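# compute the structure for the input listed below.
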Amino acid sequence: MALLAWPVMVTAALQALYNLVDAFWLGRLSTAAMAAPGMAWPILFFFMSFAGGLQGAGATFVAQYFGARDRRGAERSAGQLLAFLFLGSAVLGTLGFLLAPTVLRLIRAPSEIYPLALTYLRIECAGLPIMFLAQAFGGLMLGLGNTRLTMYLGVSSLVLNAVLDPLFIFGWGPFPAWGVAGAAAATILSRTGIAAVGLLLLSSGRVGLKLHLRDLRPRVGEFLPILKVGIPNVVDQASTSLGFVVMMGLVAGFGTAVVASYTVGNRIINLINVVSWGAGSALVAMIGQNLGACQYERAESIARRGIATTFVVLVGLYFVTLAVRRPLFGIFVNDPAVIREGAFYIAIFGTSIPFFGLFDAAAAVFRGSGHTVPPMVMAIVRLWALRVFLAWLLGYPLGLGTTGMWVGMTLSNVLGGVAMVLWAQRGTWKRRVIPAAATTGPLDTGR
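Sure, this is the predicted structure:
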């Protein structure tokens, strides 16, 4: 599990560093510039939830076919995933570009942030197909258990983004000064490399799967099994992202300084959450491959140990972050009000991070098995019935302000994590979703 998880953790940390690098440079422009990506990100996360949900289903099918030694089954699933994700990304990117002004007004973007967030959001929407393809490639490699390749590509992409950011934002050298637009353009260009290299590797067959042109022709009948598993994933992530959009609206009601502290605070917490994402990704691959090989008792042991280990590691990381939270905020912003509120946010909400680890690890067990409805149900409960409602109730009607919002968010993770683990302990996930004909035997190369 550790061997599979650590490259995913590094990759997830790199994703968080993407945003932190943007925050570092944009903070040199203004507090509003630094907050603009944070204002736009929940909306982008909503669009990316479609890729993430189907990516998770693709990883499940590839893992179970791989465990059953059916390479052609894995390749057909990979081709259909890429084809439908590309088509979907073009539609969603167009909708996002057109609806960006309306959505930003609905979530009450402060007047000084609105034009900057609109620019950032529209550029990111234009690059949505590239991001979808890069995300799909990562999911396919996860299904194969090849997490290091995704990490290497992520490192290269981060380095390129770090180089391009100051060039595009400030106009160093021959480049024009694009400000917030430069940060978005740097992100799109750096992720183009992952998508391009991923497609080349898949077409060459050097990564355990070979991308055949016939597999890229959309076939509804072949895509339906993936869609059946993926739809609950999509609803899960879409409802989560919409919850984050509403949360940003609640946060924005307290002004630009609170939006900035919430934005940077989430970037820092995301660095802790790489443990959850890494462990969860490893569990998806390990549970999927073991169920594909009909190793049910081993899958149960993996689930139990993986959930417990994730919780313990996150407890330790929370205390480390608590001790250095003020210097961390000082790296990105000089505004004392932002640093003070951000440190308070980490102190309260950070206590729930180990419980988010419980939630994510237990949900990964269900996703690896292909039974995605329980995580979907619990994600909706955690974000809407608990987080959004409690944050609104405590922050606004009860008059507790930002303290009430942070406490409401904390309770959502604690209650949701415990409930998700209790559901996983019932063992209803111990059934695979690939056809019965895909049984363990000699590797089917399709030749």
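# now for L118: which residues touch it?
By Cβ atoms under 8 Å, 6 or more residues apart in numbering, the contact list for L118 reads 100-101, 104. C-beta here means a position set from N, CA and C on the backbone, and glycine is covered the same way.
# quick one: average confidence on whichever strand or helix holds it?
For L118, the host element (DSSP states H and E) is helix 114-126. Mean pLDDT, computed over helix 114-126, is 93.
# and if you look at stretch 399-408?
95.
# buried sites along that stretch?
By neighbour count with 16 or more other Cβ atoms under 10 Å, stretch 399-408 contains the buried residues 402, 404-408.
# starting at the chain centroid, how far to the helix or strand of the chain with the lowest mean pLDDT?
Using mean pLDDT, DSSP states H and E, helix 2-26 stands out as the lowest-scoring helix or strand of the chain, at a mean of 80. Offset of helix 2-26 from its chain centre (Cα atoms, centre = their mean, to the nearest Å): 11 Å.
# got the angle for the next helix-or-strand element following it vs helix 2-26?
Sequence order places helix 31-67 as the next helix or strand after helix 2-26, per DSSP H and E. Relative orientation of helix 31-67 and helix 2-26, computed by axes from the mean of the first three to the mean of the last three Cα atoms, to 10 degrees: 160 degrees.
# skip ahead from helix 31-67 and say which helix or strand is next.
Tracing the chain past helix 31-67, the next element assigned as helix or strand by DSSP H and E is helix 71-106.
# surely L54 is in contact with P232?
No: checked against Cβ atoms under 8 Å, the pair L54 and P232 is beyond contact range at 11.1 Å.
# which one of those two is surrounded by more residues?
Shown here are L54 and P232; by other Cβ atoms under 10 Å, L54 has more neighbours (28 against 23).
# quick check: the more buried one vs Q80, distance?
Using Cβ to Cβ, to the nearest Å, one gets 10 Å for the distance from L54 to Q80.
# what is the distance between the helix or strand harbouring M248 and the centre of its chain?
M248 belongs to helix 220-252 when assigned by DSSP H and E. With Cα atoms, centre = their mean as the basis, helix 220-252 stands 11 Å off its chain's centre.
# right, and W277 touches M9 too?
Yes: W277 is within contact range of M9, at 7.0 Å (criterion: Cβ under 8 Å).
# about what we covered before: can you add distance to V313 and secondary structure and give the buried residues of stretch 399-408 back as TSV?
Shown next, in TSV, are these (distance: Cβ to Cβ, whole Å; DSSP: H, G, I helix; E, B strand; the rest coil):
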residue	distance to V313	secondary structure
T402	29	helix
G404	30	helix
M405	27	helix
W406	23	helix
V407	24	helix
G408	26	helix
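# for the closest residue in space to Q55 that isn't next to it in sequence, give its distance to L20.
Spatial nearest neighbour of Q55, chain neighbours left out: G139 (3.4 Å); criterion: Cβ to Cβ, 6 or more residues apart in numbering. Going from G139 to L20 by Cβ to Cβ gives 24 Å.
# ok, these two, which is more surrounded?
Per other Cβ under 10 Å, whichever of G139 and L20 has more neighbours is G139, with 25 against 19.
# for that one, list the residues it contacts.
Going by Cβ under 8 Å, 6+ apart, the list of residues near G139 reads 55-56, 58-59, 62, 81.
# where's it relative to Q80, distance?
To Q80, G139 is 13 Å away according to Cβ to Cβ.
# and A184, by the same measure?
30 Å.
# how many other residues sit next to R267?
Using other Cβ under 10 Å, R267 is surrounded by 23 other residues.
# that one touches L20, doesn't it?
Yes: using Cβ under 8 Å, R267 is in contact with L20, at 5.0 Å.
# could you give the mean pLDDT of stretch 139-147?
Averaged over stretch 139-147, pLDDT sits at 85.
# hmm, I was thinking of stretch 348-365
So the average pLDDT for stretch 348-365 ends up being 95.
# buried residues, that stretch. List them.
For stretch 348-365, the neighbour count (16+ other Cβ under 10 Å) marks 349-365 as buried.
# just the element for the residue lying closest to V251 once chain neighbours are set aside, please.
Excluding the flanking residues, the one nearest V251 by Cβ to Cβ, 6+ apart is Y262, at 4.8 Å. Secondary structure assignment for Y262, by DSSP H and E: helix 256-272.
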